[in-house]
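Enquirer: This is a predicted model, with the sequence first.
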Amino acid sequence: MYMGKNIFKASFSWESMELTFLGTGQAIPTKSRNHTALLFRYEDEMLLVDCGEGTQRQFRKAGINPCKLTKLLITHWHGDHILGIPGLLQTLALNNYSRTLDVYGPHGTRKFMELMLHMFVFVGKIKVNIHEIDEGVFYNDKFILTAYRMVHGTKALAYSFEEKTKTRMDVAKIKKLGLKGPIIGELQRGQDVFFNGKRILSKNVTYKQEGKKVAFIMDTLFNPNCIKAAENADVLVCESTYMEADADKAQEHLHLTTTKAAEIAKKAKAKSLYLTHISQRYEAVEKHVLKEAQKIFKKSFLPNDLDSVEIK
């Protein structure tokens, strides 16, 4: 369904998730592409990966309330990925943000956050917890978040979100047995029950459903960790700043090409690839960016700002 923005519908059957591309441009924004910001929503959690300049306005244009934000994941501290943080924090404060915002980033994040917040008169207060992280799992509760070291001339990380395996009910069997009420919840929790004089085994009416994975690879040269981060991802969001004809520039500036992004998706056996961090030089020929990726990895997409990937 078109809702004022393009919706890519991924054919999954898990809990509702949505990925919104608030910003898909490179260091220099264009009329149509803002600086990098990727918003991922899962149940009652809302995660923002990077926060380029103007992100607070992108929230407004997308019709999304920033006060539902729970986590900010910073891939690295180059300006086009972080200059929107002060404005976003002030917007949250002025809107009586009542949560605690967990900020995750590579070593140096605490110092940079403190410097940023001392550069202007901050209006209002919000609670912020800063977590400096390195490679590996750094959050394991409702879901799993993992960081992977990247190569970009400064400390840089890629991230993956993994949904935990869930126990699902076999609806057909439940209906056939006429099961109702609280016993369904007991069966889902792995408990056997008695119903109408018969013992119902949980394993006979439930099944395990593997969770899905979403990976975010921003500015980096190709390295083995790209494959690890993207491995078996249902959705891979990957920077593809340059086309292959400009591979020398990609090497010089420590970036990926469109071809490399597609190769990562293919080697990692990802299910879909979304290209982002697009250079302004391709503004008039973006269809060629997509075609170049699709030659290697068919399920490649080139989202615009405010497009969403709806995952059900």
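Expert: Received the coordinates, thanks. Numbering: from 1, shown residues only.
Enquirer: now the helices: where do they sit in the stretch 201-312 of the chain?
Expert: 202-205, 224-230, 247-252, 258-267, 286-294 (DSSP state H, counting those that start in this stretch).
Enquirer: Packed most tightly, which of those would that be?
Expert: Mean neighbours per residue, mean count of other C-beta atoms under 10 Å, is largest over these for helix 258-267, with a mean of 24. Where you see a C-beta, it was placed from the backbone N, CA and C, and this is true even at glycine.
Enquirer: Could you check the angle it makes with helix 286-294?
Expert: Put simply, helix 258-267 runs at 40 degrees to helix 286-294, going by axes from the mean of the first three to the mean of the last three C-alpha atoms, to 10 degrees.
Enquirer: what's helix 258-267 packed up against?
Expert: helix 224-230, strand 235-239, strand 273-276, helix 286-294 (3 or more C-beta pairs under 8 Å, 6 or more residues apart in numbering; DSSP states H and E).
Enquirer: Relative to L47, which of the helices of the stretch 201-312 of the chain is closest?
Expert: helix 224-230 (15.5 Å; C-beta to C-beta).
Enquirer: mind giving me JSON lines with the helices of the stretch 201-312 of the chain and columns for mean pLDDT?
Expert: Listed next are the helices of the stretch 201-312 of the chain as JSON lines, based on pLDDT from 0 to 100:
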{"stretch": "helix 202-205", "mean pLDDT": "83"}
{"stretch": "helix 224-230", "mean pLDDT": "98"}
{"stretch": "helix 247-252", "mean pLDDT": "97"}
{"stretch": "helix 258-267", "mean pLDDT": "98"}
{"stretch": "helix 286-294", "mean pLDDT": "97"}
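Enquirer: Which one of those helices lies nearest to E43?
Expert: Closest of the helices of the stretch 201-312 of the chain to E43 is helix 224-230, at 22.7 Å (criterion: C-beta to C-beta).
Enquirer: Hmm, T100 is touching N129, no?
Expert: Yes: counting by C-beta atoms under 8 Å, T100 touches N129, with 5.8 Å between them.
Enquirer: Quick check: neighbours shared by those two?
Expert: Counting by C-beta atoms under 8 Å, 6 or more residues apart in numbering, T100 and N129 have no common neighbour.
Enquirer: before we move on, the earlier item: who wins for proximity to E310 among the helices and strands packed on helix 258-267?
Expert: Minimum separation from E310 across the helices and strands packed on helix 258-267 (C-beta to C-beta) falls at strand 235-239, 10.9 Å.
Enquirer: Next, the contact list for L145, please.
Expert: By C-beta under 8 Å, 6+ apart, the neighbours of L145 are 73, 104, 137-139, 159-162.
Enquirer: chain center to the helix or strand hosting it, what's the gap?
Expert: Assigning secondary structure by DSSP states H and E places L145 in strand 143-149. Centroid separation between strand 143-149 and its chain, computed with C-alpha atoms, centre = their mean, to the nearest Å, is 11 Å.
Enquirer: With stretch 73-87 instead?
Expert: With C-alpha atoms, centre = their mean, you get 15 Å for stretch 73-87.
Enquirer: Quick one: mean pLDDT over that stretch.
Expert: The pLDDT scores in stretch 73-87 average 97.
Enquirer: can I have it written out in CSV, keeping just the CAs?
Expert: Listed next in CSV are the C-alpha coordinates belonging to stretch 73-87 (Å, rounded to 0.1, in the frame of the first residue of the first chain):
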residue,chain,number,x,y,z
LEU,A,73,23.8,3.1,17.1
ILE,A,74,26.7,5.1,15.7
THR,A,75,28.8,3.4,13.0
HIS,A,76,31.6,6.0,13.2
TRP,A,77,32.2,9.7,13.9
HIS,A,78,32.4,11.3,10.5
GLY,A,79,30.3,14.4,10.2
ASP,A,80,27.7,13.1,7.7
HIS,A,81,26.8,10.3,10.2
ILE,A,82,26.5,12.3,13.4
LEU,A,83,25.9,16.0,12.9
GLY,A,84,22.2,15.5,13.4
ILE,A,85,22.6,14.3,17.0
PRO,A,86,22.5,17.7,18.8
GLY,A,87,19.3,18.8,17.0
